[in-house]
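Peer 1: A structural model of the following input is requested.
(2 chains)
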Amino acid sequence: MQRLVLTILAFWTLYGTETLKAAETRSYEVGAGLTSYQLSRLTERASGQRSRAGTSFYHLHLQYHQALGDVYLSPWLRFMPPALSSVESTSKSSHTSLMSLGLPVLKTFGQSWDISTGPVLLRYVIKGEGGLETLNNGESTSVFFKPGEERVAQSLAWQLGTALRWGPVRSALDLLVQAPRNSVKRSYSVMFTMAWAQF
Amino acid sequence: MRWVPNLPLALGLLLSTQVDAFTLFGNKAELKGWDTKELTFHLNPEYCPDTIDSLLAEAMQVWNEVPTANLKVVRGEDVDTSVEEALQGQAGAGTPTIHCVNNISGLGTNADVIPGYATAVGVDAQRHINYGVLVLNVQPGARANIEALDQGLVIGVIAHEIGHVLGLGHSSDQSALMYYDGTKREQASLAQDDADGFTYLYPRDELKADAPLGGCGVIPGRGGPGSSWPLYILFALPVLLVRARNWRF
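Peer 2: Here you go, the predicted structure:
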């Protein structure tokens, strides 16, 4: 039954896309930005006081805009490479990467303002070098294992965003809600992105 | 273009790497986490302070908040297993226990320095953790008696020891809950490093079996080709909505 539903949906989606009103415009953009990950959830201080700004990651940004009627379908890819994760992340780990893939619907208002909403897939990769580390433990020291494998966590989020345009430059502010239906795990992240748009 | 000469320095700063990070419990082999999605801690309430229920709840909440991890930590029924029995592995596999000990010096621990510790972590043949004992210091007159410490610090101590039972070792990141010295801690919370470690041991994958459509539990999916259809609908939704707005056959 699920296969049947899947097949019908796939056909409807593809066929529907083909028969949509012809695209009036399409564009793409490249840029970079800052992700404030998990606002008011994690700490960056020894006191344990939670950081309202969350943990910061730099990200690279690619987005494509396809006009469909009076709205746009605007998939984006944002990638925080491992090398950049060490800059702001309190984990100071050079082996953590965050990739996010969004598929929002975007609505423009005039030439300079748009809002968007849609699902986002977050892919969080943690990779360790392995080996041993001696650290304090109580009144002496102990040897601990450092992680030696690659583990991947994938979670879904929902995006609410807005953006302003000045000529070819588009600056976007997006709110990501992770685990929106789970009151304990629900967390909020903000992505600020500056991009150069090519029309 | 005056910024060009500073570019190498800026890039150097951006690309500098530090590898301070979480470690894993144990020193004989890299351990995997518990082979479960819900880990139940059982408490022997004897000698525990009246506030132990709320202290445990807040300490467990710290770990349960991590959206990228798929392990839920819960409080189970009270037990009467003594700490001595638990340390000898008699509490039974799969049942980590918590004990308040009023003579922690008798267990060979410095009661003025150590407010709590986790020990006797057992491992099965697949290197999954399957046993653990969490000990809290309530020794009268001891400086590290948790009843004499600030509540925020005590929650941090309990959350830290739960972290050990979950499979995490100490961290060299001073902001991490798993940092070896918690005396500066006023509030129990995780650093990104702790969340990374917890996620490393228990990665959540909502594209597979873990709570599709944004998380409403940890009920395993049935797998197979049909298991991804909620995800498909989620991502196809924008296209379908646009399609509905521009209906043309």
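Peer 1: what residue ranges in the chain score low on pLDDT?
Peer 2: I'll assume chain A. For chain A, applying pLDDT under 70 flags the ranges A:1-24, A:82-95, A:199.
Peer 1: meant chain B, my bad for not saying
Peer 2: By pLDDT under 70, the low-scoring segments of chain B are B:1-20, B:27-28, B:120, B:209-249.
Peer 1: so where do the helices sit in chain B?
Peer 2: Using DSSP state H, the helices of chain B run over B:7-15, B:52-64, B:83-87, B:151-166, B:192-201, B:229-245.
Peer 1: Taking their axis directions, the fourth one and helix B:52-64 sit at what angle?
Peer 2: Which is helix B:151-166. Orientation of helix B:151-166 against helix B:52-64 (axes from the mean of the first three to the mean of the last three Cα atoms, to 10 degrees) gives an angle of 60 degrees.
Peer 1: tell me the angle helix B:151-166 makes with helix B:192-201.
Peer 2: 30 degrees.
Peer 1: Counting neighbours, which bits of the longest strand along chain A end up buried?
Peer 2: The longest strand of chain A (DSSP state E) is strand A:150-166. Under the neighbour-count criterion of 16 or more other Cβ atoms under 10 Å in any protein chain shown, strand A:150-166 has A:151-159, A:161-163, A:165 buried. Where you see a C-beta, it was placed from the backbone N, CA and C, and this is true even at glycine.
Peer 1: How is chain B partitioned into domains?
Peer 2: B:20-201, B:212-249 (automatic domain parsing).
Peer 1: could I get these as JSON lines with mean neighbour count and distance to chain A?
Peer 2: Below are the domains of chain B laid out as JSON lines (neighbours: other Cβ atoms under 10 Å in any protein chain shown; distance: least, Cβ to the nearest Cβ, whole Å):
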{"stretch": "domain B:20-201", "mean neighbour count": "20", "distance to chain A": "3"}
{"stretch": "domain B:212-249", "mean neighbour count": "15", "distance to chain A": "3"}
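Peer 1: how about JSON lines for those, with distance to A:Leu122 added?
Peer 2: Output for these, formatted as JSON lines (distance: least, Cβ to Cβ, whole Å):
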{"stretch": "domain B:20-201", "distance to A:Leu122": "8"}
{"stretch": "domain B:212-249", "distance to A:Leu122": "11"}
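Peer 1: of these, which approaches A:Arg26 most closely?
Peer 2: Closest of the domains of chain B to A:Arg26 is domain B:212-249, at 14.0 Å (criterion: Cβ to Cβ).
Peer 1: Surely A:Met191 is in contact with A:Arg78?
Peer 2: Yes - proximity of A:Met191 to A:Arg78 meets the contact threshold set by Cβ atoms under 8 Å, at 6.7 Å.
Peer 1: Now for these two: what residues contact both?
Peer 2: Overlap of the contact sets of A:Met191 and A:Arg78 (by Cβ atoms under 8 Å, 6 or more residues apart in numbering or on different chains) consists of A:33, A:35, A:59, A:100.
Peer 1: Any idea what the first one is bridged to?
Peer 2: Which is A:Gly33. Per DSSP bridges, the residues bridged to A:Gly33 are A:His59, A:Thr193.
Peer 1: What is the neighbour count of it?
Peer 2: 21 (other Cβ atoms under 10 Å in any protein chain shown).
Peer 1: Check the second one too.
Peer 2: A:Thr35: 23 surrounding residues under other Cβ under 10 Å.
Peer 1: list the contacts for it?
Peer 2: Going by Cβ under 8 Å, 6+ apart, A:Thr35 touches A:56-59, A:78, A:80, A:98, A:189-192.
Peer 1: Just the buried ones from those?
Peer 2: Buried among the contacts of A:Thr35 (16+ other Cβ under 10 Å): A:56-59, A:78, A:80, A:98, A:189-191.
Peer 1: Could you dump these into CSV with secondary structure and distance to B:Val62 added?
Peer 2: Below are these laid out as CSV (DSSP: H, G, I helix; E, B strand; the rest coil; distance: Cβ to Cβ, whole Å):
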residue, secondary structure, distance to B:Val62
A:Ser56, strand, 21
A:Phe57, strand, 22
A:Tyr58, strand, 27
A:His59, strand, 27
A:Arg78, strand, 28
A:Met80, strand, 25
A:Leu98, strand, 22
A:Ser189, strand, 19
A:Val190, strand, 22
A:Met191, strand, 25
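Peer 1: just these now: which is nearest chain B?
Peer 2: Nearest to chain B out of the buried ones among the contacts of A:Thr35 is A:Tyr58 (Cβ to the nearest Cβ; 7.5 Å).
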